[in-house]
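Student: Quick one: sequence plus predicted model below, questions after.
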Amino acid sequence: MSGGLEGRVAIVTGGLRGIGLAASMQLAAKGAKVWVGDLTPADHAEVAPALEQIGNGAAYIELDVASEQSWIDAVAKVEGEDGRLDVLVNNAGIDGTGRIQDMSLDLWRKVQSVNSDGAFLGVKHSFALMEKSGKDRKGGSSIINVSSVMGFVAFPESAAYCASKGAIRLFTKACAVEFAAYGVPIRTNSVHPGFVQTPLLDAGFERMVKRGVADKAQDLKDQVAASTPVNRLADPEEIAAAIAFLATEDASYMTGSEVVVDGGYLAR
Amino acid sequence: MSDRLAGKVALVTGGTGGIGAGAVKRLAADGAKVIFTGSRKEAAEPLCAETGATFVSHRVEDVAAWEDLSAMIRKDFGRLDIAFANAGIEKGDGSIETIDVDNWNQIIAVNQTGVMLTAQHAVRIMKDNPEGPTGSIIINSSMNALRAMGNYMGYSVTKAAVVAIAKSAANYCGQAGYKIRVNAILPGVVETDLILNIMNSQPDPDAARAMYEGMSPLNRMAKVEEVAALVAFLGSDEAAFISGGEYTIDGASTAGTQGV
(Lines give C-alpha, C1' and ligand atoms only; values in the text may rest on other atoms or scores of the structure.)
Protein backbone atom coordinates (compact mmCIF):
# COMPACT_ATOMS: atom_id res chain seq x y z
CA MET A 1 0.00 0.00 0.00
CA SER A 2 1.34 3.35 -1.05
CA GLY A 3 1.57 5.68 1.89
CA GLY A 4 1.68 8.90 -0.07
CA LEU A 5 4.64 10.49 1.69
CA GLU A 6 7.53 8.65 0.03
CA GLY A 7 10.53 10.96 -0.37
CA ARG A 8 8.98 13.59 1.90
CA VAL A 9 10.64 15.09 4.95
CA ALA A 10 8.81 16.07 8.15
CA ILE A 11 9.58 17.82 11.43
CA VAL A 12 7.45 16.85 14.43
CA THR A 13 7.96 18.91 17.57
CA GLY A 14 7.38 17.21 20.88
CA GLY A 15 7.80 13.98 18.99
CA LEU A 16 9.27 11.82 21.74
CA ARG A 17 5.98 10.93 23.38
CA GLY A 18 2.20 11.13 23.23
CA ILE A 19 0.56 12.53 20.12
CA GLY A 20 3.92 13.64 18.67
CA LEU A 21 5.40 10.14 18.83
CA ALA A 22 2.26 8.61 17.33
CA ALA A 23 2.23 11.21 14.54
CA SER A 24 5.91 10.58 13.83
CA MET A 25 5.24 6.85 13.52
CA GLN A 26 2.34 7.33 11.12
CA LEU A 27 4.19 9.84 8.93
CA ALA A 28 7.13 7.42 8.78
CA ALA A 29 4.79 4.55 7.97
CA LYS A 30 3.46 6.59 5.04
CA GLY A 31 7.02 6.96 3.77
CA ALA A 32 8.28 10.25 5.23
CA LYS A 33 11.63 10.79 6.87
CA VAL A 34 10.79 12.26 10.25
CA TRP A 35 12.90 14.66 12.25
CA VAL A 36 11.81 14.55 15.86
CA GLY A 37 12.38 17.83 17.64
CA ASP A 38 12.28 17.87 21.41
CA LEU A 39 13.93 19.43 24.46
CA THR A 40 15.55 16.19 25.63
CA PRO A 41 19.33 16.00 24.99
CA ALA A 42 20.15 13.92 21.92
CA ASP A 43 22.22 11.43 23.92
CA HIS A 44 19.42 10.75 26.41
CA ALA A 45 18.41 7.11 26.74
CA GLU A 46 14.85 7.93 25.63
CA VAL A 47 15.87 9.14 22.18
CA ALA A 48 17.31 6.14 20.35
CA PRO A 49 14.43 3.75 21.15
CA ALA A 50 11.91 6.38 20.03
CA LEU A 51 13.72 6.83 16.71
CA GLU A 52 13.83 3.08 16.25
CA GLN A 53 10.12 2.85 16.97
CA ILE A 54 9.38 5.58 14.42
CA GLY A 55 11.58 3.94 11.82
CA ASN A 56 12.24 4.88 8.19
CA GLY A 57 15.51 6.63 9.07
CA ALA A 58 14.01 8.98 11.66
CA ALA A 59 16.45 11.50 13.09
CA TYR A 60 16.57 13.75 16.13
CA ILE A 61 17.16 17.43 16.73
CA GLU A 62 17.40 19.07 20.10
CA LEU A 63 14.85 21.82 19.75
CA ASP A 64 13.50 24.44 22.11
CA VAL A 65 10.45 25.60 20.16
CA ALA A 66 10.33 28.85 22.16
CA SER A 67 13.81 29.82 20.97
CA GLU A 68 14.23 31.54 17.62
CA GLN A 69 17.87 30.48 17.33
CA SER A 70 16.97 26.89 18.09
CA TRP A 71 14.54 26.88 15.13
CA ILE A 72 17.09 28.51 12.82
CA ASP A 73 19.62 25.81 13.69
CA ALA A 74 17.09 22.99 13.38
CA VAL A 75 15.83 23.97 9.93
CA ALA A 76 19.42 24.54 8.74
CA LYS A 77 20.26 21.02 9.83
CA VAL A 78 17.27 19.52 8.01
CA GLU A 79 18.05 21.52 4.89
CA GLY A 80 21.72 20.51 5.05
CA GLU A 81 20.97 16.80 5.36
CA ASP A 82 17.78 16.37 3.35
CA GLY A 83 17.50 19.52 1.26
CA ARG A 84 13.73 19.77 1.71
CA LEU A 85 10.90 20.05 4.22
CA ASP A 86 7.37 18.99 3.28
CA VAL A 87 5.55 18.60 6.58
CA LEU A 88 5.77 20.53 9.84
CA VAL A 89 3.80 19.33 12.86
CA ASN A 90 3.82 21.98 15.58
CA ASN A 91 2.83 19.67 18.39
CA ALA A 92 5.05 20.59 21.36
CA GLY A 93 2.96 21.93 24.18
CA ILE A 94 2.80 22.40 27.92
CA ASP A 95 -0.05 23.07 30.27
CA GLY A 96 0.09 25.41 33.25
CA THR A 97 -2.89 25.23 35.49
CA GLY A 98 -4.03 27.43 38.30
CA ARG A 99 -6.47 30.16 39.12
CA ILE A 100 -6.08 33.42 37.28
CA GLN A 101 -5.63 35.65 40.33
CA ASP A 102 -2.80 33.43 41.56
CA MET A 103 -1.04 32.81 38.24
CA SER A 104 2.39 34.34 37.89
CA LEU A 105 3.12 36.30 34.76
CA ASP A 106 6.14 34.05 34.28
CA LEU A 107 3.97 30.93 34.09
CA TRP A 108 1.50 32.65 31.73
CA ARG A 109 4.35 33.70 29.48
CA LYS A 110 5.98 30.29 29.58
CA VAL A 111 2.80 28.62 28.35
CA GLN A 112 2.40 31.17 25.55
CA SER A 113 6.08 30.90 24.63
CA VAL A 114 5.96 27.15 24.06
CA ASN A 115 2.44 26.68 22.71
CA SER A 116 1.90 29.86 20.76
CA ASP A 117 5.33 31.40 20.08
CA GLY A 118 6.58 27.89 19.31
CA ALA A 119 4.11 27.46 16.46
CA PHE A 120 4.81 30.96 15.12
CA LEU A 121 8.56 30.46 15.16
CA GLY A 122 8.24 27.04 13.57
CA VAL A 123 6.21 28.41 10.68
CA LYS A 124 8.40 31.50 10.33
CA HIS A 125 11.65 29.61 10.03
CA SER A 126 10.37 26.61 8.09
CA PHE A 127 8.65 28.87 5.56
CA ALA A 128 11.41 29.29 2.99
CA LEU A 129 12.35 25.61 2.81
CA MET A 130 8.71 24.47 2.82
CA GLU A 131 7.81 26.97 0.10
CA LYS A 132 10.60 25.61 -2.09
CA SER A 133 9.70 21.97 -1.36
CA GLY A 134 5.99 22.55 -1.96
CA LYS A 135 6.44 23.73 -5.53
CA ASP A 136 7.01 20.26 -6.96
CA ARG A 137 4.23 18.61 -5.02
CA LYS A 138 0.46 18.45 -5.56
CA GLY A 139 -1.22 20.10 -2.61
CA GLY A 140 2.04 21.76 -1.63
CA SER A 141 3.72 21.46 1.72
CA SER A 142 1.60 20.96 4.82
CA ILE A 143 1.77 22.55 8.26
CA ILE A 144 -0.31 20.98 11.01
CA ASN A 145 -0.64 22.99 14.21
CA VAL A 146 -1.87 20.98 17.16
CA SER A 147 -4.38 23.06 19.10
CA SER A 148 -7.02 21.50 21.35
CA VAL A 149 -10.74 21.47 22.03
CA MET A 150 -9.59 24.09 24.52
CA GLY A 151 -8.97 26.32 21.52
CA PHE A 152 -12.79 26.45 21.29
CA VAL A 153 -14.06 26.13 24.85
CA ALA A 154 -12.55 26.99 28.21
CA PHE A 155 -12.10 25.12 31.45
CA PRO A 156 -11.64 26.55 34.93
CA GLU A 157 -8.01 26.94 36.02
CA SER A 158 -6.70 26.56 32.48
CA ALA A 159 -6.64 30.17 31.32
CA ALA A 160 -3.07 30.19 29.98
CA TYR A 161 -3.51 26.93 28.10
CA CYS A 162 -6.87 27.96 26.60
CA ALA A 163 -5.50 31.33 25.51
CA SER A 164 -2.50 29.69 23.85
CA LYS A 165 -4.61 27.08 22.06
CA GLY A 166 -7.05 29.72 20.85
CA ALA A 167 -4.09 31.66 19.51
CA ILE A 168 -2.93 28.61 17.55
CA ARG A 169 -6.39 28.18 16.03
CA LEU A 170 -6.46 31.70 14.60
CA PHE A 171 -2.75 31.81 13.80
CA THR A 172 -3.39 28.78 11.61
CA LYS A 173 -6.11 30.58 9.66
CA ALA A 174 -3.88 33.63 9.32
CA CYS A 175 -1.19 31.43 7.78
CA ALA A 176 -3.70 29.75 5.46
CA VAL A 177 -5.18 32.91 3.98
CA GLU A 178 -1.85 34.72 3.78
CA PHE A 179 -0.02 31.89 2.05
CA ALA A 180 -2.92 31.36 -0.34
CA ALA A 181 -3.13 35.07 -1.12
CA TYR A 182 0.54 35.12 -2.08
CA GLY A 183 0.40 31.83 -3.97
CA VAL A 184 2.70 30.11 -1.49
CA PRO A 185 2.33 26.32 -1.83
CA ILE A 186 1.94 25.61 1.88
CA ARG A 187 -1.36 24.44 3.39
CA THR A 188 -1.97 25.15 7.07
CA ASN A 189 -4.57 23.42 9.25
CA SER A 190 -5.17 23.03 12.96
CA VAL A 191 -5.95 19.76 14.71
CA HIS A 192 -8.02 19.88 17.88
CA PRO A 193 -7.75 16.77 20.02
CA GLY A 194 -10.19 16.13 22.78
CA PHE A 195 -8.96 14.25 25.82
CA VAL A 196 -6.16 11.91 24.82
CA GLN A 197 -4.42 9.26 26.87
CA THR A 198 -0.97 10.94 26.97
CA PRO A 199 1.76 11.59 29.56
CA LEU A 200 0.72 15.29 29.56
CA LEU A 201 -2.82 14.34 30.55
CA ASP A 202 -1.60 11.96 33.27
CA ALA A 203 0.72 14.60 34.72
CA GLY A 204 -2.04 17.21 34.72
CA PHE A 205 -4.49 14.88 36.45
CA GLU A 206 -1.87 13.87 39.05
CA ARG A 207 -1.37 17.53 39.90
CA MET A 208 -5.12 17.94 40.28
CA VAL A 209 -5.22 14.95 42.63
CA LYS A 210 -2.46 16.55 44.74
CA ARG A 211 -4.53 19.73 44.94
CA GLY A 212 -7.41 17.68 46.28
CA VAL A 213 -9.66 17.99 43.21
CA ALA A 214 -10.19 14.23 43.13
CA ASP A 215 -9.15 11.11 45.03
CA LYS A 216 -7.34 9.55 42.12
CA ALA A 217 -6.45 10.30 38.52
CA GLN A 218 -8.64 7.47 37.26
CA ASP A 219 -11.71 9.23 38.69
CA LEU A 220 -10.87 12.28 36.60
CA LYS A 221 -10.39 10.12 33.51
CA ASP A 222 -13.75 8.48 34.12
CA GLN A 223 -15.39 11.90 34.42
CA VAL A 224 -13.82 13.07 31.18
CA ALA A 225 -14.84 9.88 29.37
CA ALA A 226 -18.40 10.25 30.65
CA SER A 227 -18.57 13.80 29.28
CA THR A 228 -17.39 12.66 25.83
CA PRO A 229 -20.19 11.32 23.58
CA VAL A 230 -18.18 8.26 22.52
CA ASN A 231 -17.63 7.60 26.23
CA ARG A 232 -13.87 7.14 26.18
CA LEU A 233 -10.55 8.96 25.87
CA ALA A 234 -8.68 8.99 22.56
CA ASP A 235 -5.56 6.99 21.86
CA PRO A 236 -2.71 9.13 20.50
CA GLU A 237 -2.86 7.08 17.28
CA GLU A 238 -6.36 8.42 16.61
CA ILE A 239 -5.11 12.01 16.66
CA ALA A 240 -2.04 11.06 14.66
CA ALA A 241 -4.26 9.63 11.90
CA ALA A 242 -5.82 13.05 11.30
CA ILE A 243 -2.38 14.68 11.29
CA ALA A 244 -1.11 12.12 8.78
CA PHE A 245 -4.18 12.62 6.57
CA LEU A 246 -3.57 16.38 6.46
CA ALA A 247 0.05 15.75 5.52
CA THR A 248 -0.88 13.76 2.40
CA GLU A 249 -2.12 14.83 -1.02
CA ASP A 250 -5.54 13.51 -0.05
CA ALA A 251 -6.02 16.78 1.85
CA SER A 252 -4.85 18.97 -1.03
CA TYR A 253 -7.87 21.34 -0.88
CA MET A 254 -7.86 21.63 2.89
CA THR A 255 -6.27 24.74 4.28
CA GLY A 256 -7.42 26.96 7.13
CA SER A 257 -9.59 24.12 8.43
CA GLU A 258 -10.16 23.16 12.04
CA VAL A 259 -9.84 19.40 12.25
CA VAL A 260 -11.54 18.43 15.48
CA VAL A 261 -10.83 14.90 16.77
CA ASP A 262 -12.70 14.82 20.04
CA GLY A 263 -15.16 11.93 20.12
CA GLY A 264 -17.99 14.44 19.84
CA TYR A 265 -16.95 16.51 22.88
CA LEU A 266 -17.63 19.88 21.21
CA ALA A 267 -20.83 18.65 19.56
CA ARG A 268 -22.62 18.32 22.89
CA MET B 1 -5.81 3.16 -4.21
CA SER B 2 -5.63 0.93 -1.16
CA ASP B 3 -7.50 -1.71 0.77
CA ARG B 4 -8.25 0.37 3.84
CA LEU B 5 -12.02 -0.02 3.34
CA ALA B 6 -11.90 -3.70 2.45
CA GLY B 7 -14.87 -5.60 3.85
CA LYS B 8 -16.91 -2.46 4.34
CA VAL B 9 -20.24 -1.70 2.71
CA ALA B 10 -20.99 1.92 1.77
CA LEU B 11 -24.13 3.79 0.73
CA VAL B 12 -23.89 7.04 -1.25
CA THR B 13 -27.03 9.06 -1.93
CA GLY B 14 -27.07 11.25 -5.03
CA GLY B 15 -24.25 9.17 -6.43
CA THR B 16 -24.81 9.55 -10.15
CA GLY B 17 -22.84 12.78 -10.55
CA GLY B 18 -20.58 15.34 -8.96
CA ILE B 19 -19.21 14.74 -5.47
CA GLY B 20 -21.43 11.67 -5.05
CA ALA B 21 -19.99 9.95 -8.11
CA GLY B 22 -16.49 10.91 -6.96
CA ALA B 23 -17.21 9.30 -3.60
CA VAL B 24 -18.52 6.13 -5.26
CA LYS B 25 -15.26 5.84 -7.21
CA ARG B 26 -13.00 6.55 -4.25
CA LEU B 27 -14.81 4.30 -1.77
CA ALA B 28 -14.78 1.48 -4.31
CA ALA B 29 -11.09 2.10 -5.09
CA ASP B 30 -10.34 1.85 -1.35
CA GLY B 31 -11.99 -1.58 -1.25
CA ALA B 32 -15.58 -0.93 -0.14
CA LYS B 33 -18.67 -2.50 -1.71
CA VAL B 34 -20.73 0.51 -2.75
CA ILE B 35 -24.45 1.05 -3.23
CA PHE B 36 -25.46 4.40 -4.67
CA THR B 37 -28.78 6.08 -5.30
CA GLY B 38 -30.15 8.74 -7.59
CA SER B 39 -32.65 9.19 -10.36
CA ARG B 40 -30.47 9.26 -13.48
CA LYS B 41 -30.19 5.64 -14.57
CA GLU B 42 -28.26 6.48 -17.75
CA ALA B 43 -25.55 8.22 -15.69
CA ALA B 44 -25.45 5.34 -13.22
CA GLU B 45 -24.72 2.56 -15.70
CA PRO B 46 -21.19 3.58 -16.70
CA LEU B 47 -20.35 4.23 -13.05
CA CYS B 48 -21.49 0.72 -12.13
CA ALA B 49 -19.45 -0.72 -14.96
CA GLU B 50 -16.37 1.23 -13.88
CA THR B 51 -16.54 0.57 -10.15
CA GLY B 52 -18.61 -2.58 -9.66
CA ALA B 53 -20.99 -0.54 -7.51
CA THR B 54 -24.73 -1.24 -7.26
CA PHE B 55 -27.23 1.41 -8.37
CA VAL B 56 -30.69 1.81 -6.88
CA SER B 57 -33.13 4.29 -8.35
CA HIS B 58 -34.28 6.17 -5.26
CA ARG B 59 -35.01 9.69 -4.11
CA VAL B 60 -33.90 10.54 -0.57
CA GLU B 61 -37.15 12.33 0.23
CA ASP B 62 -39.23 9.22 -0.59
CA VAL B 63 -40.00 7.97 2.92
CA ALA B 64 -41.71 4.71 1.93
CA ALA B 65 -38.98 3.70 -0.52
CA TRP B 66 -36.36 3.88 2.25
CA GLU B 67 -37.83 0.66 3.65
CA ASP B 68 -37.22 -1.16 0.37
CA LEU B 69 -33.71 0.22 0.03
CA SER B 70 -32.86 -0.75 3.62
CA ALA B 71 -34.27 -4.24 3.14
CA MET B 72 -32.19 -4.67 -0.02
CA ILE B 73 -28.99 -3.59 1.76
CA ARG B 74 -29.65 -5.98 4.64
CA LYS B 75 -30.50 -8.88 2.33
CA ASP B 76 -27.85 -8.46 -0.35
CA PHE B 77 -24.97 -7.00 1.69
CA GLY B 78 -25.71 -8.05 5.26
CA ARG B 79 -24.29 -4.90 6.81
CA LEU B 80 -23.62 -1.18 6.40
CA ASP B 81 -20.42 0.60 7.45
CA ILE B 82 -20.42 3.94 5.66
CA ALA B 83 -23.29 6.20 4.63
CA PHE B 84 -22.58 9.38 2.68
CA ALA B 85 -25.68 11.58 2.79
CA ASN B 86 -24.84 13.59 -0.28
CA ALA B 87 -28.01 14.14 -2.31
CA GLY B 88 -28.97 17.80 -2.51
CA ILE B 89 -30.67 20.33 -4.75
CA GLU B 90 -30.81 24.08 -5.24
CA LYS B 91 -33.43 24.14 -8.01
CA GLY B 92 -35.95 26.92 -7.59
CA ASP B 93 -34.06 28.52 -4.71
CA GLY B 94 -34.30 32.25 -4.18
CA SER B 95 -33.83 35.10 -1.76
CA ILE B 96 -35.88 36.02 1.28
CA GLU B 97 -37.87 38.31 -1.01
CA THR B 98 -38.43 35.97 -3.93
CA ILE B 99 -38.44 32.35 -2.82
CA ASP B 100 -41.55 30.38 -3.67
CA VAL B 101 -42.84 28.38 -0.72
CA ASP B 102 -43.32 25.19 -2.74
CA ASN B 103 -39.71 25.36 -3.87
CA TRP B 104 -38.63 26.10 -0.28
CA ASN B 105 -40.50 23.03 0.92
CA GLN B 106 -38.98 20.85 -1.79
CA ILE B 107 -35.44 22.02 -0.98
CA ILE B 108 -36.06 21.22 2.69
CA ALA B 109 -37.55 17.84 1.74
CA VAL B 110 -34.43 16.79 -0.16
CA ASN B 111 -31.57 18.62 1.56
CA GLN B 112 -32.74 18.38 5.15
CA THR B 113 -35.39 15.67 5.55
CA GLY B 114 -33.57 13.52 2.99
CA VAL B 115 -30.36 13.75 5.01
CA MET B 116 -32.24 12.93 8.22
CA LEU B 117 -33.83 9.89 6.57
CA THR B 118 -30.46 8.76 5.23
CA ALA B 119 -28.85 8.99 8.66
CA GLN B 120 -31.88 7.41 10.35
CA HIS B 121 -31.94 4.38 8.08
CA ALA B 122 -28.16 4.11 8.19
CA VAL B 123 -28.20 3.99 11.99
CA ARG B 124 -30.92 1.34 11.95
CA ILE B 125 -28.93 -0.90 9.62
CA MET B 126 -25.53 -0.20 11.24
CA LYS B 127 -27.01 -1.00 14.63
CA ASP B 128 -27.53 -4.58 13.46
CA ASN B 129 -24.02 -5.10 12.08
CA PRO B 130 -22.79 -8.58 13.07
CA GLU B 131 -20.08 -7.29 15.46
CA GLY B 132 -22.41 -4.76 17.08
CA PRO B 133 -23.44 -1.17 16.27
CA THR B 134 -20.59 0.31 14.21
CA GLY B 135 -20.26 2.66 11.28
CA SER B 136 -19.54 6.12 9.94
CA ILE B 137 -22.14 8.53 8.57
CA ILE B 138 -20.85 11.50 6.59
CA ILE B 139 -23.21 14.35 5.76
CA ASN B 140 -22.45 16.63 2.86
CA SER B 141 -23.09 20.16 4.08
CA SER B 142 -21.41 23.18 2.47
CA MET B 143 -19.31 26.17 3.38
CA ASN B 144 -22.60 28.02 2.92
CA ALA B 145 -23.64 26.57 6.29
CA LEU B 146 -21.17 29.13 7.68
CA ARG B 147 -21.61 31.85 5.05
CA ALA B 148 -25.22 32.07 3.84
CA MET B 149 -25.87 33.17 0.26
CA GLY B 150 -28.43 35.91 -0.32
CA ASN B 151 -29.87 34.35 -3.47
CA TYR B 152 -29.82 30.76 -2.25
CA MET B 153 -31.60 30.95 1.05
CA GLY B 154 -33.11 27.47 1.01
CA TYR B 155 -29.78 25.90 0.18
CA SER B 156 -27.93 27.90 2.85
CA VAL B 157 -30.50 27.17 5.54
CA THR B 158 -30.66 23.44 4.88
CA LYS B 159 -26.87 23.12 4.74
CA ALA B 160 -26.68 24.74 8.20
CA ALA B 161 -29.43 22.45 9.47
CA VAL B 162 -27.65 19.27 8.46
CA VAL B 163 -24.61 20.19 10.55
CA ALA B 164 -26.93 20.11 13.55
CA ILE B 165 -28.28 16.75 12.35
CA ALA B 166 -24.71 15.41 12.38
CA LYS B 167 -24.08 16.71 15.89
CA SER B 168 -27.40 15.53 17.29
CA ALA B 169 -27.01 12.06 15.79
CA ALA B 170 -23.38 11.87 16.97
CA ASN B 171 -24.48 12.67 20.51
CA TYR B 172 -27.32 10.20 20.41
CA CYS B 173 -25.22 7.35 19.04
CA GLY B 174 -22.51 7.97 21.63
CA GLN B 175 -24.99 8.06 24.49
CA ALA B 176 -26.67 4.91 23.20
CA GLY B 177 -23.32 3.11 23.27
CA TYR B 178 -23.19 2.70 19.48
CA LYS B 179 -19.82 2.92 17.79
CA ILE B 180 -21.52 4.87 15.02
CA ARG B 181 -19.84 8.16 14.18
CA VAL B 182 -21.57 11.06 12.44
CA ASN B 183 -19.78 14.01 10.88
CA ALA B 184 -20.47 16.81 8.42
CA ILE B 185 -18.19 18.02 5.66
CA LEU B 186 -18.41 21.60 4.39
CA PRO B 187 -16.97 21.86 0.87
CA GLY B 188 -16.27 25.12 -0.87
CA VAL B 189 -16.94 25.44 -4.60
CA VAL B 190 -16.27 22.10 -6.24
CA GLU B 191 -15.57 21.66 -9.94
CA THR B 192 -18.58 19.43 -10.67
CA ASP B 193 -20.42 19.02 -13.97
CA LEU B 194 -23.22 21.10 -12.44
CA ILE B 195 -20.89 24.03 -11.78
CA LEU B 196 -19.18 23.63 -15.15
CA ASN B 197 -22.57 23.74 -16.91
CA ILE B 198 -23.58 26.87 -15.01
CA MET B 199 -20.23 28.42 -15.87
CA ASN B 200 -20.39 27.54 -19.54
CA SER B 201 -23.95 28.83 -19.89
CA GLN B 202 -22.91 32.32 -18.82
CA PRO B 203 -22.35 35.05 -21.43
CA ASP B 204 -18.70 35.15 -20.36
CA PRO B 205 -17.67 31.65 -19.15
CA ASP B 206 -14.12 32.76 -18.38
CA ALA B 207 -15.36 35.52 -16.10
CA ALA B 208 -17.71 33.05 -14.41
CA ARG B 209 -14.82 30.64 -13.86
CA ALA B 210 -12.66 33.41 -12.41
CA MET B 211 -15.50 34.36 -10.06
CA TYR B 212 -15.87 30.80 -8.76
CA GLU B 213 -12.12 30.29 -8.46
CA GLY B 214 -11.74 33.59 -6.64
CA MET B 215 -14.05 32.47 -3.85
CA SER B 216 -11.15 30.52 -2.40
CA PRO B 217 -7.88 32.13 -1.34
CA LEU B 218 -6.25 29.19 -3.14
CA ASN B 219 -7.80 30.72 -6.26
CA ARG B 220 -9.14 27.46 -7.59
CA MET B 221 -12.13 25.19 -7.15
CA ALA B 222 -11.87 21.86 -5.36
CA LYS B 223 -11.62 18.75 -7.45
CA VAL B 224 -14.30 16.15 -6.84
CA GLU B 225 -11.50 13.72 -5.95
CA GLU B 226 -10.28 16.01 -3.17
CA VAL B 227 -13.66 15.98 -1.45
CA ALA B 228 -14.03 12.24 -1.99
CA ALA B 229 -10.67 11.72 -0.24
CA LEU B 230 -12.02 13.38 2.90
CA VAL B 231 -15.15 11.20 2.76
CA ALA B 232 -12.94 8.10 2.51
CA PHE B 233 -10.83 9.22 5.46
CA LEU B 234 -13.86 9.88 7.67
CA GLY B 235 -15.31 6.53 6.60
CA SER B 236 -12.16 4.65 7.55
CA ASP B 237 -11.16 3.24 10.91
CA GLU B 238 -8.37 5.84 11.04
CA ALA B 239 -11.09 8.34 12.01
CA ALA B 240 -12.34 6.21 14.92
CA PHE B 241 -12.35 9.11 17.43
CA ILE B 242 -13.89 11.62 15.04
CA SER B 243 -17.57 12.21 15.66
CA GLY B 244 -19.83 15.25 15.77
CA GLY B 245 -17.30 17.23 13.75
CA GLU B 246 -17.73 19.76 10.97
CA TYR B 247 -14.95 19.63 8.45
CA THR B 248 -14.42 22.53 6.08
CA ILE B 249 -12.73 21.59 2.82
CA ASP B 250 -12.78 24.94 1.14
CA GLY B 251 -9.27 26.11 0.37
CA ALA B 252 -9.48 28.60 3.27
CA SER B 253 -12.67 30.22 1.89
CA THR B 254 -14.16 30.52 5.36
CA ALA B 255 -10.88 30.99 7.25
CA GLY B 256 -10.86 34.70 6.65
CA THR B 257 -10.53 37.28 3.95
CA GLN B 258 -7.69 37.93 1.58
CA GLY B 259 -7.46 41.57 2.52
CA VAL B 260 -7.14 44.35 0.00
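Tutor: Here it is on my side, so go on. Numbering: from 1, shown residues only, chains lettered A, B, ... in the order given.
Student: For A:Ser113, give me its contacts.
Tutor: A:Ser113 makes contact with A:Ala66, according to C-beta atoms under 8 Å, 6 or more residues apart in numbering or on different chains. All C-beta spots, glycine's among them, are computed from the backbone N, C-alpha and C.
Student: For A:Thr188, name its beta-bridge partners.
Tutor: A:Thr188 has the following beta-bridge partners by DSSP bridges: A:Ile143.
Student: hang on, it packs against A:Val177?
Tutor: No. A:Thr188 is beyond contact range of A:Val177, at 9.2 Å (criterion: C-beta atoms under 8 Å).
Student: Mutual contacts of these two, please.
Tutor: With C-beta under 8 Å, 6+ apart as the test, A:Thr188 and A:Val177 both reach A:Gly256.
Student: Who has more neighbours out of the two?
Tutor: Comparing A:Thr188 with A:Val177 by other C-beta atoms under 10 Å in any protein chain shown, the one with more neighbours is A:Thr188, at 32 against 22.
Student: Model confidence for that one, exactly?
Tutor: Note for A:Thr188: predicted pLDDT of 98.
Student: Now the host helix or strand of B:Val24: buried residues?
Tutor: Following DSSP states H and E, one finds B:Val24 within helix B:18-29. Residues of helix B:18-29 classed as buried: B:18-29 (neighbour count, 16 or more other C-beta atoms under 10 Å in any protein chain shown).
Student: so what's B:Gly256 up against?
Tutor: A:173-174, A:176-177, A:256.
Student: Which ChimeraX command selects the buried ones in those residues?
Tutor: Of these, the buried ones can be selected in ChimeraX as follows, counting by 16+ other C-beta under 10 Å:
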select /A:173,176,177,256
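Student: so can I have JSON lines of the contacts of B:Gly256 showing pLDDT, secondary structure and distance to chain B?
Tutor: Below are the contacts of B:Gly256 laid out as JSON lines (pLDDT from 0 to 100; DSSP: H, G, I helix; E, B strand; the rest coil; distance: C-beta to the nearest C-beta, whole Å):
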{"residue": "A:Lys173", "pLDDT": "98", "secondary structure": "helix", "distance to chain B": "4"}
{"residue": "A:Ala174", "pLDDT": "97", "secondary structure": "helix", "distance to chain B": "7"}
{"residue": "A:Ala176", "pLDDT": "97", "secondary structure": "helix", "distance to chain B": "4"}
{"residue": "A:Val177", "pLDDT": "96", "secondary structure": "helix", "distance to chain B": "4"}
{"residue": "A:Gly256", "pLDDT": "97", "secondary structure": "coil", "distance to chain B": "3"}
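Student: helices or strands up against the helix or strand following the helix holding B:Val24?
Tutor: The helix or strand immediately downstream of helix B:18-29 is strand B:33-38, counting by DSSP H and E. Helices and strands touching strand B:33-38, by 3 or more C-beta pairs under 8 Å, 6 or more residues apart in numbering or on different chains; DSSP states H and E, are strand B:9-12, helix B:18-29, helix B:41-51, strand B:54-57, helix B:63-77.
Student: burial of B:Pro130, as a residue count?
Tutor: With other C-beta under 10 Å as criterion, B:Pro130 counts 7.
Student: That one and B:Gly78 touch, don't they?
Tutor: Yes. In this structure, B:Pro130 is within contact of B:Gly78 by C-beta under 8 Å, at 7.4 Å.
Student: So B:Ala169: helix, strand or coil?
Tutor: Using DSSP: H, G, I helix; E, B strand; the rest coil, the structure places B:Ala169 in helix.
Student: any idea where the helices of the stretch 151-260 of chain B begin and end?
Tutor: Using DSSP state H, counting those that start in this stretch, the helices of the stretch 151-260 of chain B run over B:153-175, B:193-200, B:205-213, B:224-235.
Student: quick revisit: whether the helix holding B:Val24 contacts chain A - can you check?
Tutor: No. On the criterion C-beta under 8 Å from any C-beta of the partner chain, helix B:18-29 is out of touch with chain A, staying 9.4 Å away.
Student: Save the helices of the stretch 151-260 of chain B as JSON lines, and put in mean neighbour count, distance to chain A and mean pLDDT too.
Tutor: What follows is the helices of the stretch 151-260 of chain B, written out as JSON lines (neighbours: other C-beta atoms under 10 Å in any protein chain shown; distance: least, C-beta to the nearest C-beta, whole Å; pLDDT from 0 to 100):
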{"stretch": "helix B:153-175", "mean neighbour count": "22", "distance to chain A": "3", "mean pLDDT": "97"}
{"stretch": "helix B:193-200", "mean neighbour count": "13", "distance to chain A": "14", "mean pLDDT": "88"}
{"stretch": "helix B:205-213", "mean neighbour count": "14", "distance to chain A": "12", "mean pLDDT": "94"}
{"stretch": "helix B:224-235", "mean neighbour count": "25", "distance to chain A": "4", "mean pLDDT": "98"}
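Student: Of those helices, which is nearest A:Ala32?
Tutor: Taking C-beta to C-beta, helix B:224-235 is the member of the helices of the stretch 151-260 of chain B nearest to A:Ala32, at 17.4 Å.
Student: Turn the helices and strands packed on strand B:33-38 into CSV, columns for mean pLDDT.
Tutor: Shown next, in CSV, are the helices and strands packed on strand B:33-38 (pLDDT from 0 to 100):
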stretch, mean pLDDT
strand B:9-12, 98
helix B:18-29, 98
helix B:41-51, 97
strand B:54-57, 98
helix B:63-77, 98
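Student: what's the neighbour count on A:Asp202?
Tutor: A:Asp202: 14 neighbours (other C-beta under 10 Å).
Student: hang on, I meant A:Trp35
Tutor: 27.
Student: pretty sure it contacts A:Ile61?
Tutor: Yes. Using C-beta under 8 Å, A:Trp35 makes contact with A:Ile61 at a distance of 5.6 Å.
Student: circling back: go through the helices of the stretch 151-260 of chain B and name the closest to B:Ser141.
Tutor: Between B:Ser141 and those, the tightest spacing by C-beta to C-beta is seen for helix B:153-175, at 4.8 Å.
Student: by contact count, what packs against the closest one?
Tutor: Partner elements for helix B:153-175 (3+ C-beta pairs under 8 Å, 6+ apart): helix B:101-107, helix B:114-126, strand B:134-140, strand B:179-187, strand B:246-249.
Student: Columns mean neighbour count on top of those, output as a markdown table?
Tutor: Listed next are the helices and strands packed on helix B:153-175 as a markdown table, based on neighbours: other C-beta atoms under 10 Å in any protein chain shown:
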| stretch | mean neighbour count |
| --- | --- |
| helix B:101-107 | 15 |
| helix B:114-126 | 22 |
| strand B:134-140 | 26 |
| strand B:179-187 | 27 |
| strand B:246-249 | 24 |
